[in-house]
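Novice: Need coordinates for the following:
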Amino acid sequence: MDFQPDYIIVGAGSAGSVLANRLTESGAHKVALIEAGGSDARFFIHMPLGYGKLFYNPAVNWMYQTEPDEGLAGQRDFWPRGRVLGGSSSINAMVYIRGHRADYDEWGKTAQGWGWDTCLNAYKAMEDTEAGADEWRGAGGPLFISANKSGLHPLVGSYIAACEAAGLPHNPDFNGAVQEGAGIYQMTIKSARRNSAARAFLTPAKGRKNLRVITRAQVTRVLLEGRRAVGVEYMQGGQTRQLRCNAEVILSGGAINSPQLLQLSGIGKGADLAALGLPVVLDNPNVGAHLSDHQGLNYTWEMNVPTYNAILRPWWGKAIVGAQYLLTGGGPLAKSINHGGGFFRTRPDLDRPNMQLYFQAFSTLLPKAGERPLLTPDPFNGLSIGLSNCRPTSRGHIRLASSDPMAHPIITANAYSTNHDVAEMLEAVKFLRKIAAQPPMARLIKAELRPGPAVSRDEDIIADFRQRSGTVYHPSCTARMGDDPATSVVDARLRVHGMQGLRVIDASAFPNLIAGNTNAPAMMIGWRGAELILADAKAR
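Specialist: Purely as a prediction, here's the structure:
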């Protein structure tokens, strides 16, 4: 390759796409962006509700599985992660949530310079919020955020009214002054198409002469000279290639791939690496540790009124909504299935919400082989309300299965491994039933289908959510940021402790898991990370 970059970015996902845009914007720096997956030019990526077709598609999905988990009744959990330009932002449910301001103040205590005020400025600069700029929101940035105000299912109003009757107030903006309440989710959707990080950030940068995007190329290790990163080795088309850089290697592969690549490069828990025959360059047991993820489940009811099942299930309904989408850009296919949601506290003494809600005017109790059946729901009018824990205390880890860089790593989730997480989920599902029992919802419900009214004792409720819970696809913190190298992997400037020329900038660097969906903070950490890199380059 005749292109000698200053920076190599590994991973074209939520953070990597932002970095590629910002680091090449001035024209002063050359960047190579390496992605294991291929192009995002796929219909079901860009059609918002098409993400159900991507859930089990290995062409765009790493399709990870966890180890059998005692907390999930001994089951393995399926972890889809994006393997395509845009990464998981190309296959996710598009809900845009920043998290609670206190989450970032906790970040700032762990890593200087990452408190709420700094992160808020990054969000406001990054965003183009459809509702317009205010004290909390930005406008004019590269990332358009849909307010999602039109074309909602009528049952969204009933859900919000039921939440208010249960004591949870209406909240018009979960990303504004207050997070708590029930309301409508904002979406990374623009002009009826998914507005992934690739679309918002990478596509505008692709024509720049100082950017090279290398696809279908899996990085197998970081090239090191002593403790300095000088490039990467990758596999492409069955051949091993190397690419060297002038300044830095930046890992943006996400919470699974980035710690895996660090370990393959000799940076991790020394005893584990040595046992696999890998050289130990830097012994840091925090690499791959501190794995945090939100656990969630759905409660499902049969309704007396039509839900999306009635139109999405039959062939003629599919034809109608397909024509509606193609001709007008509207209808159910133009949105995520999570039209509404919210945040609540399971106990009044808590200082902030500890649970998140997801409202879906459809149901998929009947599985369909090879996909998440968003486009083929149940043959009755079903409705689901999901919830997930915001700040779980359970911790897992990522470890290498072998020295083979193509082998999936071992993912140990340890879901519900603390009494705290079990107790608050028990409290949460009881509140979920309280919402459903309020008149605006209760008068429309025919029957609770899952778990069903027979599941009422605490021990039965716990057994049910252990059996039915799973990831809500927010793994984080496996290369966590912190000022103290004894408890973290990267410093406050996202540089790997004890190394030179090597940074990790993605959700693995979160000091703690935020309350909400992780796509927005993953893009924000890319935005803020680029600021730090450019400032350091200017200072050299």
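
Novice: What segments of the stretch 1-150 of the chain are strands?
Specialist: Taking DSSP state E, counting those that start in this stretch, the strands of the stretch 1-150 of the chain run over residues 7-10, 31-34, 64-65, 78-79, 127-129, 143-145.

Novice: So which elements touch the last one?
Specialist: Secondary structure elements in contact with strand 143-145, counted by 3 or more C-beta pairs under 8 Å, 6 or more residues apart in numbering; DSSP states H and E, are strand 127-129. (C-beta placed from N, C-alpha, C; glycine too.)

Novice: just checking, what packs against the strand it packs on?
Specialist: strand 143-145.

Novice: picking that back up, tell me which of the strands of the stretch 1-150 of the chain lies nearest to L202.
Specialist: Closest to L202 of the strands of the stretch 1-150 of the chain is strand 31-34 (C-beta to C-beta; 7.6 Å).

Novice: got JSON lines for the strands of the stretch 1-150 of the chain, with mean neighbour count too?
Specialist: Below are the strands of the stretch 1-150 of the chain laid out as JSON lines (neighbours: other C-beta atoms under 10 Å):
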{"stretch": "strand 7-10", "mean neighbour count": "28"}
{"stretch": "strand 31-34", "mean neighbour count": "27"}
{"stretch": "strand 64-65", "mean neighbour count": "15"}
{"stretch": "strand 78-79", "mean neighbour count": "18"}
{"stretch": "strand 127-129", "mean neighbour count": "23"}
{"stretch": "strand 143-145", "mean neighbour count": "22"}
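
Novice: Can you convert these into CSV and add a column each for mean pLDDT and distance to R395?
Specialist: Output for the strands of the stretch 1-150 of the chain, formatted as CSV (pLDDT from 0 to 100; distance: least, C-beta to C-beta, whole Å):
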stretch, mean pLDDT, distance to R395
strand 7-10, 98, 25
strand 31-34, 98, 30
strand 64-65, 98, 18
strand 78-79, 98, 16
strand 127-129, 98, 31
strand 143-145, 98, 31
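
Novice: Dump those strands to a markdown table, plus distance to A537.
Specialist: Converted to a markdown table, the strands of the stretch 1-150 of the chain look like this (distance: least, C-beta to C-beta, whole Å):
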| stretch | distance to A537 |
| --- | --- |
| strand 7-10 | 9 |
| strand 31-34 | 12 |
| strand 64-65 | 35 |
| strand 78-79 | 35 |
| strand 127-129 | 25 |
| strand 143-145 | 24 |
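
Novice: can you tell me which of those comes nearest to R495?
Specialist: Using C-beta to C-beta, the nearest of the strands of the stretch 1-150 of the chain to R495 is strand 7-10, at 13.2 Å.

Novice: List the pairing partners of the closest one within its sheet, with orientation.
Specialist: Note on strand 7-10: by DSSP bridges, its sheet partners are strand 31-34 (parallel), strand 248-251 (parallel).

Novice: For that strand, output the C-alpha coordinates as PDB.
Specialist: Extracted in PDB, the C-alpha atoms of strand 7-10 (Å, rounded to 0.1, in the frame of the first residue of the first chain):
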ATOM      1  CA  TYR A   7      -3.300   7.500  12.200                       C
ATOM      2  CA  ILE A   8      -4.700   4.000  11.800                       C
ATOM      3  CA  ILE A   9      -8.200   3.500  13.100                       C
ATOM      4  CA  VAL A  10      -9.200  -0.100  13.700                       C
END
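
Novice: Great, nothing more from me.
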